[in-house]
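Q: would you be able to build a 3D model of this:
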Amino acid sequence: MNQELLMKQIVEEVMKAMSGNSSITTKDDNCKLQKITADNYPLGDKMADNIFTPTGKKLSDMTLQQVLDGQLTAEDMRISPETLELQAQVAESVDRDALAANLRRAAELIAVPDDRLLEIYNALRPYRSTKEELYEIAEELEKTYGCSINATFVKEAAEVYSKRGRLRRD
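A: Alright, predicted model coming up:
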């Protein structure tokens, strides 16, 4: 199989998957006001005209040829907080509240740079941080990035680690 054909197949699979699980953002303010349910799922199929990439490209206008021509970038494929919120609403509509909460935590974390996110992940592993360090991370998440849900989550982790003896001792 030649490289161009392989590339075409990969891109087609990615585009098909994007349509099914909607990793594109919406810029339609009506989507925020209108409650999204399982009837709207998959968002990429049922709301493609209202879903936009982070750079403003409409999902329904995106084509394989644009990818092959280099007109779509990795930034066009990134998920946004708005899209994750829509997915959370779909999850809630079918009583998947834990999934909805996870999607909202993920939506907040988009604001955190990838390298910092990995540092925080490592700091949350058992025996890697003191309680004070975890509280400092929570404060950073809330004040620097506006991640109040995740800040609460990190504080809860600090308390649980403290009770279970999983904090680093200096």
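Q: going by C-alpha atoms from here, please, whenever you check contacts or count neighbours.
A: Noted.
Q: keeping just the C-alphas, turn stretch 124-136 into PDB.
A: Extracted in PDB, the C-alpha atoms of stretch 124-136 (Å, rounded to 0.1, in the frame of the first residue of the first chain):
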ATOM      1  CA  LEU A 124      -1.200  13.700  42.300                       C
ATOM      2  CA  ARG A 125       0.400  10.300  42.400                       C
ATOM      3  CA  PRO A 126       0.800   8.800  45.900                       C
ATOM      4  CA  TYR A 127       3.800   9.800  47.900                       C
ATOM      5  CA  ARG A 128       4.800  12.500  45.300                       C
ATOM      6  CA  SER A 129       3.500  15.700  47.100                       C
ATOM      7  CA  THR A 130       2.900  17.100  50.500                       C
ATOM      8  CA  LYS A 131      -0.500  18.300  51.500                       C
ATOM      9  CA  GLU A 132       0.700  21.800  51.300                       C
ATOM     10  CA  GLU A 133       1.900  21.300  47.700                       C
ATOM     11  CA  LEU A 134      -1.400  19.800  46.700                       C
ATOM     12  CA  TYR A 135      -3.200  22.800  48.200                       C
ATOM     13  CA  GLU A 136      -0.900  25.100  46.200                       C
END
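Q: tell me which residues of that stretch come out buried.
A: If you call a residue buried by 16 or more other Cα atoms under 10 Å, then stretch 124-136 has these buried ones: 124, 126, 129-131, 133-135.
Q: return the helix or strand in this protein with minimum mean pLDDT.
A: Here the helix or strand of the chain ranked lowest by mean pLDDT, DSSP states H and E is strand 25-26, holding a mean of 38.
Q: isn't there a helix covering residue 56?
A: No. According to DSSP: H, G, I helix; E, B strand; the rest coil, the state of residue 56 is coil, so it is not within a helix.
Q: look at stretch 41-61 and report the distance between its end residues.
A: This stretch, stretch 41-61, spans 19 Å end to end (Cα to Cα, to the nearest Å).
Q: chain center to that stretch, what's the gap?
A: Computed by Cα atoms, centre = their mean, to the nearest Å, the chain-centroid distance of stretch 41-61 equals 16 Å.
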